[in-house]
Each structure stands twice: as C-alpha cells, then as structure tokens.
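Participant: Provided below are the primary sequence and the corresponding predicted coordinates.
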Amino acid sequence: MARLRLVRSTSTGINVHDIEPRFIGSRLRIRPIRETDFDTLGGVLFRAYVNGPEQEEATIEEGSAEVARCTGGEYGPFMLNVSFVAVDSHDTPVGATLMTRLDGVPLVAHAVVEPAFRGFGVGSMLLQATTDVLKAIAEPYVHLAVSSRNPAAARLYLRLGFTPLVDGAIGAWITNENLNTVRTNLTATMPEYARPGSYGVLLELADGGKCETHWNADNTHGLPSLVLAFLLDCPTGDASVEMTRADLDAAVLMLSPAAACQEWDHPNLASWRMIQRTLDEMLIPLGQAAPKGKIVAEFRKEPSAKFTRLT
C-alpha cells in the first residue's frame, strides 16, 4: 500500500495546555495511555479500520498483534509519554494515538477512533494532545503516513497543519527539485493516475454566473492537478468532480508550501484562494440552508484552450 509521508511542526498553530485529561462533552476524556490499555486497543484498532481503505487486520486478534508490534518496538521505540487514549465514562479506551520514534523522529504509527465515536473531534483532540506534549518536551516535528486510498484522512491531517515531507524541507518547497520530489511521491501513491491534458477549479454561482478562475490549458503546472486528484480520489481522465469547501481548503493547504519556490508562478494557488475569498464574502442569511455556489474540479484528457463543462 503506497503511502504519502506528512510532517507537522509542533509549533505551528499550537497552544500548549496543561497536560491534564481533557473532557469531550460529558462522555469522553483524553488521558495519557497506560500499558493496561494495550489489550483493549487491539479491538479498537480493528474496528477503526474494518471495511475501510486502510484495513490490513482481518480479526480482533490481528489487531491486538499489530498493537503488540507497535508498542513492542517493531516500528521504532514506542513513545509511551506522548501516546494518548480517549476513554468513556467507564475509562474504557475508544480511540488512541500510538506514537513511535522512527529514524529519530516521532511518528504517529496509528491514530484510531471507534466508529461509534467519530464525528465528535476525538481524533483531532488526540492528535492535539500528542502534539502539545511533543512541543513541551522540545520535539520540533511529528510525522505520519497516509494512503491515497484514504483521502478523507489526508484532508483531516492537512487541516491540522500537516504537509508532505519533501527533501527535508519543512513547511516550504523552495526549489524546483523540491517540487519534483513532491510530484514523484504523490504519483507513487496513485499508480492509476494519468496526468490530465488540461484542468481547473470552477465556482458556479446559484444565479447561473461563474467566478472567473484559472484554467490550465496544457497542464504546464502539473502539481496542482496531482493535489486535486489525490484529495478527490480521482485518477483523472475526463472527469467533473464536485468539491466541498473542506476539499478546497485542504487543496490550498496542501499546495501552499509550493509558493516558496520562486522558479515558478503559482496561478492555481492564487485562483483557489480567490474562490475561498469569494465564498467568504457570500454571507448566507440566517436560516438559509442552501449554499450560493458550487465548486467543481474539471479534468480533461487532452489539452483544451477553453473551459467547457462535461455533458
């Protein structure tokens, strides 16, 4: 399973809190992991991945074996002091971050949450707790890896400040070589990817109007199309894919480090940010549920000088 390595500075957007259990509503709290939690976490890990894009364990017993490998040092020394669990009112784990040190750097080996407890920010809180402690003990970075088969997880990690790790450059891709490495790494996670001949992101307004955005007539800028294909789980070809605002925000976050490279201009990043600003200005009246615009990513197999919608 091809994976993309992501990295985050522990000082980026972090507020260090007192290292105390944190409560999520009245049902859940975050606390440091204990060795007595390990037996329970096999089931948590299995249920978190079962029937999902990253499932490798077929039974709870195999989930327990994976927890044993992780905590036993197979993926580098286990970091008990920065691993956390989310527990219910009976102190039973329902989620966890399992941290190891790989190649000298803290690695999120697993970040898992029971399906019944998803949608409450539990995963984000677990990662935040881990990152806070890493900063407190002067660890500058944290790494993780995500499969292209799991774009939803990639979007979450990007919103939490992770970016692709490229040639040791943290937070910025300064040279053309950095950009080439990003392209190579992203392409390796998507064996079915076919570089489109042309592409762009369009904002269609509810009144029938369109927000003028950049159209890549010949795909000179290949990296933005890769970012879109990765996040939208679309191997390209002729395709029209509706995007959510979260998709757009994740794409901007993922491409933003490229702006540090002065060897290229960055019209796609500028265009996507313009769409963000336009959406921000489209204030929806209280009680109005329908959005005023639709974001669409358009891909074409062949170069095309003019944008046209698929029929």
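Facilitator: Received it, and whenever you're ready, just let me know what you need. What you are looking at is a predicted structure, and each value in this text was computed from that prediction instead of being measured.
Participant: make it CA atoms for all contacts and neighbour counts henceforth
Facilitator: Will do.
Participant: what's the closest non-adjacent residue to the residue most central in space within the chain?
Facilitator: Compute the mean C-alpha point of the chain, and by CA atoms, centre = their mean the closest residue is A154, 2.3 Å away. Of all residues not flanking A154 in the chain, V146 sits nearest, at 6.4 Å (CA to CA, 6 or more residues apart in numbering).
Participant: by contact count, what packs against the helix or strand hosting that neighbour?
Facilitator: Counting by DSSP states H and E, the element that carries V146 is strand 141-147. Judged by 3 or more CA pairs under 8 Å, 6 or more residues apart in numbering; DSSP states H and E, the packing partners of strand 141-147 are strand 3-9, strand 105-113, helix 122-136, helix 151-159.
Participant: contacts for it, please.
Facilitator: Defining contact as CA atoms under 8 Å, 6 or more residues apart in numbering, one finds that strand 141-147 is touched by 1-10, 54, 105-109, 131, 134, 153-154, 189.
Participant: among those, which ones are buried?
Facilitator: Neighbour counting over the contacts of strand 141-147 (16 or more other CA atoms under 10 Å) leaves 2-10, 106-109, 131, 134, 154, 189 as the buried ones.
Participant: show me where the stretch 101-250 of the chain dips below the pLDDT cut-off.
Facilitator: Applying pLDDT under 70 to the stretch 101-250 of the chain flags residues 148, 167-172, 207-210, 212.
Participant: swap in 90 and give it another go.
Facilitator: Applying pLDDT under 90 to the stretch 101-250 of the chain flags the ranges 102-105, 116-125, 128, 141, 145-193, 202-214, 217-222, 230-237, 244-250.
Participant: in this protein, which spans are helices?
Facilitator: Counting by DSSP state H, the chain has helices at residues 38-49, 60-71, 122-136, 151-159, 176-188, 222-232, 245-255, 267-281.
Participant: got the contact list for the first one?
Facilitator: Okay, so that is helix 38-49. For helix 38-49, using CA under 8 Å, 6+ apart, the contacting residues are 55-68, 92-96, 112-115.
Participant: filter the residues you listed to the buried ones?
Facilitator: By 16+ other CA under 10 Å, those give 57, 60, 62-64, 66-68, 93-96, 112-114 as buried.
Participant: which of these lies closest to T36?
Facilitator: Closest to T36 out of the buried ones among the contacts of helix 38-49 is P93 (10.5 Å), distances taken as CA to CA.
Participant: quick check, pLDDT for that closest one.
Facilitator: pLDDT, P93: 96.
Participant: grab the nearest non-local neighbour of it.
Facilitator: V87 is the one closest to P93 (CA to CA, 6+ apart), at 4.2 Å.
Participant: so what's that neighbour up against?
Facilitator: So V87 contacts 28-31, 93-95 (CA under 8 Å, 6+ apart).
Participant: just put these in TSV and tack on distance to L255.
Facilitator: Formatted as TSV, the contacts of V87 follow (distance: CA to CA, whole Å):
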residue	distance to L255
L28	35
R29	34
I30	32
R31	34
P93	36
V94	33
G95	30
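Participant: what number of residues lie near the closest residue to G293 other than its chain neighbours?
Facilitator: Using CA to CA, 6+ apart and skipping the chain neighbours, the partner closest in space to G293 is L205 (4.2 Å). By other CA atoms under 10 Å, the residues close to L205 number 15.
Participant: ok, L205 touching C211?
Facilitator: Yes. With contact defined as CA atoms under 8 Å, L205 counts as touching C211 (7.3 Å).
Participant: okay, and the common contacts of these two?
Facilitator: Joint contacts of L205 and C211 (CA under 8 Å, 6+ apart) do not exist.
Participant: ok so, going back, can you give me the offset of the strand holding V146 from its chain's centre?
Facilitator: 9 Å (CA atoms, centre = their mean, to the nearest Å).
Participant: how about it as CSV, C-alpha atoms only?
Facilitator: Only the C-alpha atoms of strand 141-147 are listed here, as CSV (Å, rounded to 0.1, in the frame of the first residue of the first chain):
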residue,chain,number,x,y,z
TYR,A,141,8.3,17.8,14.4
VAL,A,142,5.8,14.9,14.2
HIS,A,143,5.4,12.6,11.1
LEU,A,144,2.7,10.3,9.9
ALA,A,145,1.9,8.5,6.7
VAL,A,146,-1.5,8.3,4.8
SER,A,147,-2.6,6.2,1.9
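Participant: give me the angle between it and helix 122-136.
Facilitator: 150 degrees (axes from the mean of the first three to the mean of the last three CA atoms, to 10 degrees).
Participant: between strand 141-147 and helix 222-232, how many degrees?
Facilitator: Going by the same axes, to 10 degrees, strand 141-147 makes 70 degrees with helix 222-232.
Participant: what's around V166, how many residues?
Facilitator: V166, neighbours per other CA under 10 Å, totals 22.
Participant: sweet, I'm off.
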